[in-house]
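**Q** My questions are about this predicted structure, shown below with the sequence.
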Amino acid sequence: MNIIGCAKCILTHGLLATGWIIFFKLFATYSPINIWAEIDSLWLSPSGENLATNLVGELAFHFEATSGEKRVMYTAPYYPDGLDGTTQTKRLSKTIDTASWQKTETETLTTTYSDKQFKYVVYQDSNGIYMRIFNL
Amino acid sequence: MNALSSNIFNNAVKTVGRLIFSLGITLLVIGIIKLYLHEGWPNYIALGLGLIALKLFTSKLARKIN
């Protein structure tokens, strides 16, 4: 294939890829099915209360809200000094101690989990499902 | 008429093949970005590679049949 043919081929596939991204964005906006959450939920093996491991054995937090919305999280913001302090992003596989992991509190829109070192608060609101990590 | 419908069918098959291939490439690129972000990359890479392999396999098969 000559250089012009190759450039044309790259351009075509670039345009097609952009088309797919736009399609996924529109699908996520107008359809009740969250395609990204569905892809994230594939091939997970349960590994404890709302915990699962993925294809390469990395630990994830797998949560399904009362509305049916799914979310798979691999990282979450950590607030070492409480909500007003600075934040760091923590990888859940490096943070969660599965042996001492347990659900400690359930409210309508908030669920709290803990292990021997941290408290993991899962919130559900109009923006979706998200988690914050605090010291115990 | 037969040649025309066969041509339309061949073009449709080619377009579907291109769409599958580009979806595979898109998922693969998303997987590579997610690998950098540590956000559930294996599913995207597996799906991307799977779709690319499916496209390559089916086009090879079609070439053999033709």
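**A** Arrived safely, thanks for sending.

**Q** My guess is A:T75 contacts A:T87. True?
**A** No - A:T75 lies out of contact with A:T87 (CB atoms under 8 Å); the separation is 11.5 Å. (Glycine included, C-beta is placed from N, CA and C.)

**Q** show me where pLDDT drops low in chain B?
**A** Flagging of chain B using pLDDT under 70 yields the residue ranges B:1.

**Q** residues in it within reach of chain A, list them.
**A** Taking CB under 8 Å from any CB of the partner chain as the criterion, the neighbours of chain A within chain B are B:18-19, B:21-23, B:25-26, B:29, B:37-40, B:42-44, B:46-47.

**Q** helix, strand or coil for the residue in chain A positioned nearest to chain B?
**A** Of all residues in chain A, A:L16 sits closest to chain B, at 3.4 Å by CB to the nearest CB. Three-state secondary structure (criterion: DSSP: H, G, I helix; E, B strand; the rest coil) places A:L16 in helix.

**Q** can you count the residues close to it?
**A** As a burial measure, A:L16 scores 17 neighbours (other CB atoms under 10 Å in any protein chain shown).

**Q** same question, A:D125
**A** Count around A:D125 with other CB under 10 Å applied: 10.

**Q** picking up where we left off before, please check the residues of chain B next to chain A and keep the buried ones.
**A** B:21-23, B:25-26, B:39-40, B:42-44, B:46-47 (16 or more other CB atoms under 10 Å in any protein chain shown).

**Q** Mind picking the one among the residues you listed that's closest to B:T58?
**A** Top of the list for closeness to B:T58, among those and by CB to CB, is B:F21 at 10.3 Å.

**Q** and that closest one, what is it in contact with?
**A** Applying CB atoms under 8 Å, 6 or more residues apart in numbering or on different chains, we find B:F21 in contact with A:13, B:51-52, B:55.

**Q** could you redo the last one with a cut-off of 10 Å?
**A** A:13, A:16, B:51-52, B:54-56, B:59 (CB atoms under 10 Å, 6 or more residues apart in numbering or on different chains).

**Q** would a markdown table of these with secondary structure be doable?
**A** Shown next, in a markdown table, are those (three-state DSSP):
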| residue | secondary structure |
| --- | --- |
| A:H13 | helix |
| A:L16 | helix |
| B:L51 | helix |
| B:I52 | helix |
| B:L54 | helix |
| B:K55 | helix |
| B:L56 | helix |
| B:S59 | helix |
